[in-house]
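*Asks:* Need coordinates for the following:
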Amino acid sequence: MNNLDNLKAIWHTAKTDNLPTSKEVMRLIGKFRSQKLRNKWLVIILSLLLFAVIVAVLYIVPFKMATTYAGGAMMALSSLLLAATNFRSLKRFNQLEDCSNLDFLAFIEQTRKNQIFYYKRTMVTIISLCAVGWLLYLYEVTYQHPLWCIGIYSAAAIYLAVMWFIVRPRAFKRDTEKLNATRERFENILKQLKSYETS
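*Replies:* Below you'll find the model as predicted:
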């Protein structure tokens with residue numbers, strides 16, 4: 001009988017103040033979902049605006065060289081690819097509205113895999129198209145002035161190198177850290193809930 005009394009005493013003195021409520025879990029999922037959806041819609045809108053501006057400039061301004069049109073077409077294509085990539089992932093985030101805890105963890109893991117694929121493949125394609133298109137587009141402005149050509153292409157090369165070797169890896173690292181922090185926080189919440197259920 002003494003063991004039963006000890007068990008009751010432990011049961012009644014267990015602290016459950018730091019356990020998250022189901023509303024907190026849903027709030028975490030909702031916050032993650034709304035942030036990602038907002039960012040994706042923003043990228044889609046800006047990409048489509050950029051596409052429209054490039055096409056309008058190519059249509060309105062009478063350029064003389066084919067390199068300008070080729071460069072503009074490559075930049076427009078890269079903005080369309082960026083919009084299409086983000087639009088495709090909207091469906092996944094819209095399905096996140098009603099999901100279980102395990103579904104959310106699986107979703108985060110899939111998001112991490114998609115992030116790595118985007119960084120290694122899709123982003124490389126989009127940035128390469130845009131960079132080559134931009135360099136071709138600038139050629140008509142600079143080809144008659146050698147000093148301008150050297151100056152503008154040097155500045156463009158420095159800008160592209162900074163974006164590729166500094167900004168791109170930092171952005172990937174920041175996004176990965178945010179995603180890992182969300183996953184770890186959610187896993188900690190699940191561990192707390194499981195330990196409470198088993199105690």
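
*Asks:* Can you find the helix or strand in this protein with the smallest mean pLDDT?
*Replies:* Ranked by mean pLDDT, DSSP states H and E, the weakest helix or strand in the chain is helix 2-13, scoring a mean of 50.

*Asks:* OK, contacts around Leu90?
*Replies:* By C-beta atoms under 8 Å, 6 or more residues apart in numbering, the contact list for Leu90 reads 37, 40-41, 44. For glycine as for every other residue, the C-beta is placed from the backbone atoms N, C-alpha and C.

*Asks:* Most neighbours among those residues, please name it.
*Replies:* Greatest neighbour count in the contacts of Leu90, by other C-beta atoms under 10 Å, goes to Lys40: 19 neighbours.

*Asks:* and that residue, how far is that from Trp134?
*Replies:* Lys40 is 24 Å from Trp134, where distance means C-beta to C-beta, to the nearest Å.

*Asks:* swap in Ile108?
*Replies:* Between Ile108 and Trp134 the computed distance is 35 Å (C-beta to C-beta).

*Asks:* For stretch 57-66, the averaged confidence score.
*Replies:* Stretch 57-66 shows a mean pLDDT of 94.

*Asks:* for it, which positions count as buried?
*Replies:* Neighbour-count burial for stretch 57-66, counted by 16 or more other C-beta atoms under 10 Å, picks out Leu58.

*Asks:* which residues touch it?
*Replies:* Residues contacting stretch 57-66 (C-beta under 8 Å, 6+ apart): 68-69, 72-73, 76, 139-140, 143.

*Asks:* Of all pairs in these, which one is the farthest apart?
*Replies:* Spatial extent of these (C-beta to C-beta) is set by the pair Ala76 and Tyr143 at 21.8 Å.

*Asks:* neighbour count winner among the two?
*Replies:* Neighbour comparison, Ala76 and Tyr143: the larger count goes to Ala76, with 21 against 12 (by other C-beta under 10 Å).

*Asks:* quick revisit: next, give me the two most distant ones among the contacts of Leu90.
*Replies:* Across those (C-beta to C-beta), the longest gap, 10.5 Å, separates Leu37 and Ile44.

*Asks:* Please look at Glu187 and Leu102 and confirm they touch.
*Replies:* No - the pair Glu187 / Leu102 is not scored as a contact, 10.9 Å apart, by C-beta atoms under 8 Å.

*Asks:* Neighbour count: the two, which is higher?
*Replies:* Glu187 (13 against 9).

*Asks:* if I pick the more buried one, what's in contact with it?
*Replies:* Going by C-beta under 8 Å, 6+ apart, Glu187 touches Leu105.

*Asks:* Could you tell me what pLDDT the model assigned to it?
*Replies:* Note for Glu187: predicted pLDDT of 79.
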